[in-house]
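S.K.: Got a sequence here, can you model it:
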Amino acid sequence: MNDWFEIYRGGVMPWDCDTTEHLTMASYYERSGDAYLAFLDSIDMGEGYRREHRCGMAAVEDQARFTQELRSGDVMHIVGGILGVDDKVVHFGQQVINSATGEVTAAFQQRTVHFDLDRRKAVSIPAAQKEALLAQRVEWDGPPRTVRFMPDGLAGFVATARDTVKPWEIDVIGHLSAHFYVVRFSMASMQALASIGFTSDYARNHKRGASTFEMDLRFYRELNVGDAVSVHSAITDIGDTSFRLVHKLVNERSGEIAASMSQYGVHLDMQTRRPTPFPDDIKAKAADMLIVDQ
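M.R.: Residues are numbered from 1 along each chain as shown. Model (predicted):
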């Protein structure tokens, strides 16, 4: 096995932070995308490979666990490596590290497919590229993959976001970038939480926030410039201090579900930066929206 190697280095600026005063989920995914592109360049599967072979790597699944906050002024770097390679699929791992302390703040397990840019479908990885990928294999010592309940269809979901895909949101393989999916899911989370009483007024007056500690993203269909999209959300778990939201992003023209996200978070005391119990009225409203596994 190899050592993890660095593929991103930077810091957290004030405009990278959300209302809970730490690095936004979308900013994590923007940096993760930069790191993955740097990794592909390092094994000659970057821009030159895309131009010559008309193939790239497209995300189909991404699980993330967040163990420590990164706040404005913090410095960070990302290390990565290959967890496994199949015929058309690459399993990739990343660790986000606080550069000042050396502590891992987040871990990502990603599944990407070798993608024909003209036919817009997954194709086999050539032997030379597969060998180069396997040469970067590392031992995963992060959290195991999990499978959570995801409700079928949209019954019981509420509309939480609606807009269109912009030209500047497109990535190097010509479709909506992963971090812009997360931007929409984050907006949807704000709408969903407000609907149960977790409004901006509540957060300010009680010095409360919401902090995500687990995310599971799935990508099913491509989205392109001008596509009209909507997000629909539901609550599947509510505890004393924690909650789980699930979101589905729909292509409004085709009616197809293009992506989904599962998000576990905690109700955070903004002064102690520790989980704190929900008020009874918010728990009661959340329970009214609950969708549970049958």
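S.K.: Give the residue spans of this structure that score low on pLDDT.
M.R.: Low-confidence segments of the chain (pLDDT under 70): 1, 294.
S.K.: all helices for it, in order.
M.R.: Assigned helices in the chain, in chain order: 25-42, 47-53, 127-134, 178-195, 200-206, 280-288 (criterion: DSSP state H).
S.K.: Tell me which of those lies nearest to residue 272.
M.R.: Of all the helices of the chain, helix 200-206 sits nearest to residue 272, with 12.8 Å by C-beta to C-beta. For glycine as for every other residue, the C-beta is placed from the backbone atoms N, C-alpha and C.
S.K.: what residues does the closest one touch?
M.R.: Around helix 200-206, the neighbours that count as contacts under C-beta atoms under 8 Å, 6 or more residues apart in numbering are 19, 194, 208, 209, 270, 282.
S.K.: If burial is judged by neighbour count, which of the residues you listed pass?
M.R.: Neighbour counting with 16 or more other C-beta atoms under 10 Å marks 208, 209, 270, 282 as buried within the contacts of helix 200-206.
S.K.: what's the neighbour count on residue 48?
M.R.: 10 (other C-beta atoms under 10 Å).
S.K.: Now do the contacts for it.
M.R.: With C-beta under 8 Å, 6+ apart, residue 48 has no contacts at all.
S.K.: what residues are up against residue 81?
M.R.: Neighbouring residues of residue 81 by C-beta under 8 Å, 6+ apart: 2, 3, 4, 5, 92, 93, 136, 137, 138.
S.K.: For the residues you listed, work out which two are farthest apart.
M.R.: Using C-beta to C-beta, those reach their maximum pairwise distance at 3 and 92, which is 15.5 Å.
S.K.: ok, those two, which is more surrounded?
M.R.: Ranked by neighbour count (other C-beta under 10 Å), residue 3 and residue 92 place residue 92 first, with 27 against 9.
S.K.: Neighbours of the closest residue to that one other than its chain neighbours, how many?
M.R.: Computed as C-beta to C-beta, 6 or more residues apart in numbering, the closest residue to residue 92 that is not its neighbour in sequence is residue 110, at 4.5 Å. The tally of other residues near residue 110 (other C-beta under 10 Å) stands at 22.
S.K.: so residue 110 sits right up against residue 91, yeah?
M.R.: Yes - using C-beta atoms under 8 Å, residue 110 is in contact with residue 91, at 7.3 Å.
S.K.: Residue 287 versus residue 78, what's the distance?
M.R.: 39 Å (C-beta to C-beta, to the nearest Å).
S.K.: quick one, which of those two is more surrounded?
M.R.: Legend: neighbour count by other C-beta under 10 Å for residue 78 and residue 287, higher for residue 78 (24 against 11).
S.K.: bridging residues for that one?
M.R.: Residue 78 has these beta-bridge partners by DSSP bridges: residue 8, residue 96.
S.K.: isn't it right up against residue 98?
M.R.: No - Residue 78 is beyond contact range of residue 98, at 11.2 Å (criterion: C-beta under 8 Å).
S.K.: What is the nearest of the buried ones among the contacts of helix 200-206 to residue 46?
M.R.: Out of the buried ones among the contacts of helix 200-206, the member with the shortest distance to residue 46 (by C-beta to C-beta) is residue 209, at 38.0 Å.
S.K.: OK, contacts around the closest residue to the closest one other than its chain neighbours?
M.R.: Excluding the flanking residues, the one nearest residue 209 by C-beta to C-beta, 6+ apart is residue 20, at 3.5 Å. Residue 20 makes contact with 209, 210, 211, 268, 270 under the criterion C-beta under 8 Å, 6+ apart.
S.K.: So which residues of the stretch 101-250 of the chain form strands?
M.R.: Along the stretch 101-250 of the chain, counting by DSSP state E, counting those that start in this stretch, strands occupy 104-116, 121-122, 158-164, 208-219, 228-238, 242-251.
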